[in-house]
Structure formats: structure tokens, C-alpha cells
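here you go, sequence then predicted model.
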4 protein chains.
Amino acid sequence: MNVRRKKDAYFGSSAGMPGPLTVYIKRRVKFSEADVMGIVWHGRYPEYFEEGSAELGRRYGLSYKDFYEAQLRAPIVQLHIDHFKPLFLDEEFTIKASLIWNEGARLNTEYSLIKEGGDIAASGYTVQMFIDEVSSDVLIASPKILEKCRRRWKAGEFA
Amino acid sequence: MNVRRKKDAYFGSSAGMPGPLTVYIKRRVKFSEADVMGIVWHGRYPEYFEEGSAELGRRYGLSYKDFYEAQLRAPIVQLHIDHFKPLFLDEEFTIKASLIWNEGARLNTEYSLIKEGGDIAASGYTVQMFIDEVSSDVLIASPKILEKCRRRWKAGEFA
Amino acid sequence: MNVRRKKDAYFGSSAGMPGPLTVYIKRRVKFSEADVMGIVWHGRYPEYFEEGSAELGRRYGLSYKDFYEAQLRAPIVQLHIDHFKPLFLDEEFTIKASLIWNEGARLNTEYSLIKEGGDIAASGYTVQMFIDEVSSDVLIASPKILEKCRRRWKAGEFA
Amino acid sequence: MNVRRKKDAYFGSSAGMPGPLTVYIKRRVKFSEADVMGIVWHGRYPEYFEEGSAELGRRYGLSYKDFYEAQLRAPIVQLHIDHFKPLFLDEEFTIKASLIWNEGARLNTEYSLIKEGGDIAASGYTVQMFIDEVSSDVLIASPKILEKCRRRWKAGEFA
């Protein structure tokens, strides 16, 4: 198995594909997040990713509430994190989260946690699929809520 | 990028290689771990993996305390989780954690979270490297503490 | 204000009142629960209390599921913790939780976290009230589910 | 025992005593903080209090780092929370934290979590004492770091 760590571009891209939708969030490491070495325990990183993902959702019409109103759930089916440098207690860092264009019935999101000097502390990705709240079926085709987002994305409305 | 989810065998094996060291832990989903859908939020899974990993460490001489006494740290540099089925509030499930044989200066661990009926809720892996507490260098060769574990492992003392 | 810390008996008792219903849970401090001093961060203690409270509920017919089926919620309206000694990383300790008899429309629970040698790390209490899931009203009279528990408690069926 | 819930003024005041030092933090309920009822689980409130307390510390020279440099620890020895109304998933609320004047070797802090319309979701307090990192003794007299803060506080430098 390949355990080489990547810092970016987990999902491939091709010519003509719209660029990623990206948000940045400034954040400070809280006391309750530091472990006995004074660094953030690895198991808290999904929470940081989630903060980025939630902001993407709010900004681009794909929030938890948007899915709830569309009677959909969007569970994470895959999570991957590569760690490079620790984040220290009280350190200020930036969460970067990017929605990567794809045409399937899923959301591909990439993340980086960026230290103050610009070094990458960790990067990773999540994949979300869609489940119909009523039938409990996994959606094969993209839901309307996502199609709408993609139309606006492709039209450059989010630029 | 390959986003196919695997249920097992993230790390390859070859003939003659010692089999994995495996622990099983019974666990119940706590109220504080369930989200608004009544299922465990994906960001709590690294904690479940850690419970398995800690038990492996205690049993095979690779615990946090063992590393501390050897003036080493063993940070997780890669984490991967594939989700298949939800875990529900109050559900009893089993954490399976397996140390996979390898000869490099690292620990490869695989995990499965198994639902009561035997279905796999999620699986994944972690990779840990070693850092000298004094010099802050990443170890290129396996530390003594790991060599000792591997000698006993190969000799069948853990069977 | 009184900030003297108590180790026990937060709720008064009187002659003829049935004794507390008590559970004990053995537990070990997890790596993810220790802070930079190698001790449990105070904000994780409510989780320990909850583990005791959940076990009380399961054993005496007052679990989350029991309330759910009775279309009730039992929110905590008051929480108090007195800290005496730290709990250390990897330390084994005991959660003691006791339901204290009272005749009002509420649950009074006392907790102690007991270190291996018998010293008390922390003690405290919670008060829960009842809310009708349909009307959202706070219950003035004890719900049936609690009355049933008290009848059996008074009759000595839990001894 | 008194289980009446208070909304404020847990610590008494007297004429001529300097007023509290107060900070306000805007915050939104994260997905990972909501329970199966879609409200914040009570065990997460100490984390909210801590966010207020950390901001007080940073602003008034009593941060974790300030104590660390003075070779002191300032553990919480008492925590109390009164709950009035739930905080909902995605709700924006305000953390109010106030350092209350006292002349002993301790920190008294009061907290309120304020809903958007101004209602109080919860209030409470913490008491911290000081421990000498070297001798492990509890300080009987206020440490210099606190005396310095109080001199400036009394002189109105923080107003």
C-alpha cells in the first residue's frame, strides 16, 4: 500500500474543470485540544476539517440545514489525513478547505491546516455521499441541491 | 485518485511474514458520541481506533509509557477511515485493532469497528513514525523497543 | 457565596428515606483525555459523571431509551463539581454514581471519582428535570416512569 | 441542599470593590456539539466556559502561558453550571466571562451563555487555586502574577 503522504491535490483535475471553491478560517489551539506533549492530539483534526467543511456548506448552499430541508443526509464515507508538523497549544493556524469539482453523486473536499509561518501541519480529504432520508437509499445521481450549486459554480457566480 | 473503500488488508503481506497481532475491545456508543441523527459523528472514530491502539501498546510493550521511558514519541503521520454503516446511540460494537508486520522504522495498524451482527461499520489504518525526544529527529532505523517487540513476535511468543 | 468543597452528601437525607441506588464503573484515563500536565482536563469530568448516570439509567429503568419511549426528555438543569486531586494519564479509577431519593419531579444524582488508593479525585452532583416531548412543558409531577422506579425502590426490589 | 438556579452574581460583592473584568465571545454551535435532540449536550458547556476564561487570561495577564512562566498551575477546584434554555445546532450565541474581584489566593470567574435574543441559556462559575509547580504546594497567599493584575485592576488600568 502507498503510504506516501501528499500535501495537496488528492483529487485529480483536468483541463476545463472549474477550480476549487475555497474557504479559510483562522483558529487558535485551545487548551482542551493539547495533549501531554503540548501539541494537538491527531484525533482532533477531523473537527478542524469539519469547521472548514461547515463554512463551505454555509457559503455555497450545502450546509447541514440545506441537506436537512432537502430530506437528505450527506455522510462522510472516507476520511484521510496526512500529518507533517505538530500544532502547538495556543498556536494560531489557518484551516483551508476546498470543494473539488467532480460530476458524480458525491462531495470531494480537500483540507490543509497551515501554521503561522506557512508550513503545512496536516492535509487530507473527505468524500461524502448522499442518502435519501425517507427511503434510506444511497443516491446514484447528484441531488438537485448539488446540481444547483454546480450550475452556479460553473457559471462563475462564486468567483 | 482512488476513493474505493476497502474493508481490510490496507497493508500488503507476503509469504513467511508473521501474522498480525490483534486485540478486540467491546464498547457501547455513549450519549455524548451520538449526533443529531442518533449515530456516531465521523470525527469520533479516531478515538475508537485509539482505544484499540492503546490496548495493542499495553499488551505488546509499545504503550505510551514504554515510548516515554525510551525517550521517544510515536506520532501518527497518516490516518485513513472508510465508513460503511452507521453506529447507533447505545449500540454495542467491537473495536478490532491489528498491528501489521513490517520491517521499517514505523508502526502500521489496521482497524475495524464491527457491529453486533458482524457487519463492518468502518475500517481504516494508521501509520506511526518515531521521533527522538531529545534531538527531535525522525528515526530512520527502528528503535530498540520495537526491535524487541518484533523479535518476540517473530519467535511466536505472542501467539 | 459558599465555595467550600464537599466530598459527599450534597443532597440531604432524612429518617425512613430509602438509601441511594449506586453503581460503580472501573475506568482508565485515555491518552486523549490528558492535558499538557498529564492530568485529566476538568472539562472532561461531566463525561465521566455521564457514564455513571447512564449505567444507573440502564439498571433502574431510567435510561435515555426509556425516556424516549415515554416521550420525555430529562435534561440536566444543574451540574456541580468539586475537585480534590488530579487523575493522571493511564490511571485506573472508579466512577461512583448514586441516585438519591427525593419525591419531587426530578432526579438528584451524586458522583465521586475514586483514585486507586481510595482518595477522592472529585465529587459532584446533577439535577435533572422532565420535559414533555410533545408539549415542551416542564413536568410539575413526577412522570410514570419515575413513579414506577420509586415504587420498586421503596419496596426494596433493587437491594 | 439548595438547588435553586441563579442567573448571576454567584459571588457576593461589597461597596468599593472593583467591578468585574468581562469579555464577550461570539460563537456558533458546531455540528459535533449537538446531541440527538439537536441541542448542545450539557457536558460541552465547560468547554464554552473555558473559551471565555482563556480570553480573560490572555487579556489580563493570567493566561496558561503566564502561569507556566511563573512556574504555577491554576487548576479549577470548583465548577458549577445552571441550565435554563437549550442551545441549538448552528445557533449563534455569546459567551460572557467575568473575573470577579476577591482578595484571596484564588480566581473567581462567572459565566453566562447568552442566546441571540438575549435569553440566558446557562450560567455558572469556576474557582481556581494556585499550585507551585516545583513544590506541588497549594499557595496560601496570592501569587505575584495575580497581585500585579489586581494592582492594575484597582488602578482602573483595564477600564
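Thanks, I have it.

any part of the longest helix along chain A near chain C?
Assignment by DSSP state H gives helix A:45-60 as the longest helix of chain A. No. Helix A:45-60 does not reach chain C (C-beta under 8 Å from any C-beta of the partner chain); its nearest approach is 11.9 Å. From N, CA and C alone the C-beta is placed, and that goes for glycine too.

elements contacting that helix?
Contact partners of helix A:45-60 among helices and strands, from 3 or more C-beta pairs under 8 Å, 6 or more residues apart in numbering or on different chains; DSSP states H and E: strand A:21-28, helix A:64-69, strand A:76-83, strand A:92-100, strand A:107-114, strand A:120-128, helix B:45-60.

next one: the fifth one to chain centre, how far?
Put plainly, it is strand A:107-114. Strand A:107-114 sits 4 Å away from the centroid of its parent chain (C-alpha atoms, centre = their mean, to the nearest Å).

let me know the outermost residue of chain A.
Taking C-alpha atoms, centre = their mean, the residue of chain A most remote from its mean C-alpha position is A:Val36, at 27.8 Å.

looking at it, it is touching C:Val40, isn't it?
No. In this structure, A:Val36 is not within contact of C:Val40 by C-beta atoms under 8 Å, at 10.9 Å.

just to revisit the earlier point, surely the residue farthest from the centre of chain A forms part of a helix?
No. Counting by DSSP: H, G, I helix; E, B strand; the rest coil, A:Val36 is located in no helix; its state is coil.

list the contacts of it.
A:Val36 is in contact with C:Phe31, C:Ala34, C:Asp35, C:Val36, C:Met37, C:Gly38, C:Leu89, counting by C-beta atoms under 8 Å, 6 or more residues apart in numbering or on different chains.

on that earlier part again, tell me, what's touching A:Val36 and C:Val40 both at once?
Taking C-beta under 8 Å, 6+ apart as the contact rule, A:Val36 and C:Val40 both touch C:Ala34.

interface residues of chain A facing chain D?
Counting by C-beta under 8 Å from any C-beta, chain A sits next to chain D at A:Lys30, A:Phe31, A:Ser32, A:Glu47, A:Glu50, A:Glu51, A:Ala54, A:Ser63, A:Tyr64, A:Lys65, A:Leu89, A:Asp90.

show the buried residues in those residues.
Buried by 16 or more other C-beta atoms under 10 Å in any protein chain shown: A:Lys30, A:Phe31, A:Ser32, A:Glu47, A:Glu50, A:Glu51, A:Ala54, A:Ser63, A:Tyr64, A:Leu89, A:Asp90, out of the residues of chain A next to chain D.

got those as CSV, with pLDDT columns?
Shown next, in CSV, are those (pLDDT from 0 to 100):
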residue, pLDDT
A:Lys30, 96
A:Phe31, 94
A:Ser32, 94
A:Glu47, 97
A:Glu50, 97
A:Glu51, 97
A:Ala54, 97
A:Ser63, 95
A:Tyr64, 92
A:Leu89, 94
A:Asp90, 93
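
output the below-cut-off pLDDT ranges for chain A.
Applying pLDDT under 70 to chain A flags the ranges A:1-4, A:7-8.

related to what we said a few turns ago, format the helices and strands packed on helix A:45-60 as TSV; extra columns: distance to C:Gln128.
TSV is the format used below for the helices and strands packed on helix A:45-60 (distance: least, C-beta to C-beta, whole Å):
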stretch	distance to C:Gln128
strand A:21-28	34
helix A:64-69	28
strand A:76-83	33
strand A:92-100	36
strand A:107-114	39
strand A:120-128	36
helix B:45-60	26
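
can you say which of the ones you listed is nearest to D:Val138?
Closest to D:Val138 of the helices and strands packed on helix A:45-60, according to C-beta to C-beta: strand A:21-28, at 29.8 Å.

follow-up on the earlier one: list the buried residues of the longest helix of chain A.
When burial is assessed from 16+ other C-beta under 10 Å, helix A:45-60 yields the following buried residues: A:45-58, A:60.

who's in contact with it?
A:21, A:23, A:25, A:27, A:62-64, A:66, A:79, A:81, A:83, A:95-99, A:109, A:111, A:113, A:122, A:124, A:126, A:149, A:153, A:158, B:42-43, B:45-46, B:79, D:30-32.

near chain C, which residues of chain A show up?
Residues of chain A lying near chain C by C-beta under 8 Å from any C-beta: A:Phe31, A:Ser32, A:Ala34, A:Asp35, A:Val36, A:Met37, A:Gly38, A:Trp41, A:Gly43, A:Leu89.

show me which of the residues you listed is closest to C:Ala105.
Checking the residues of chain A next to chain C against C:Ala105 with C-beta to C-beta, the nearest one is A:Ser32 at 34.3 Å.

touching, the closest one and C:Asp35? I think so.
Yes. Counting by C-beta under 8 Å, A:Ser32 touches C:Asp35, with 7.3 Å between them.

need the residues touching each of these two.
Common contact partners of A:Ser32 and C:Asp35 (C-beta under 8 Å, 6+ apart): C:Trp41.

give me every residue that touches A:Asp90.
Applying C-beta under 8 Å, 6+ apart to A:Asp90 gives the contacts A:Arg28, A:Val29, D:Ser63, D:Tyr64, D:Lys65.

do that again at 7 Å, thanks
Shown in contact with A:Asp90 (C-beta atoms under 7 Å, 6 or more residues apart in numbering or on different chains): A:Arg28, A:Val29, D:Lys65.

please apply the same query to A:Ile95.
Going by C-beta under 7 Å, 6+ apart, A:Ile95 touches A:Ile25, A:Arg27, A:Tyr48, A:Glu51, A:Gly52, A:Leu113.

for the fourth one, give its distance to A:Arg44.
Pointing back at A:Glu51 there. Distance of A:Glu51 to A:Arg44, computed by C-beta to C-beta, to the nearest Å: 11 Å.

before we move on, the earlier item: quick one, the longest helix of chain A and strand A:21-28 angle?
With axes from the mean of the first three to the mean of the last three C-alpha atoms, to 10 degrees applied, the angle from helix A:45-60 to strand A:21-28 works out at 130 degrees.

the closest residue to A:Gly61 other than its chain neighbours - how many residues pack around it?
Closest residue in space to A:Gly61, ignoring its immediate chain neighbours: A:Cys149 at 5.2 Å, by C-beta to C-beta, 6 or more residues apart in numbering or on different chains. By other C-beta atoms under 10 Å in any protein chain shown, the residues close to A:Cys149 number 22.
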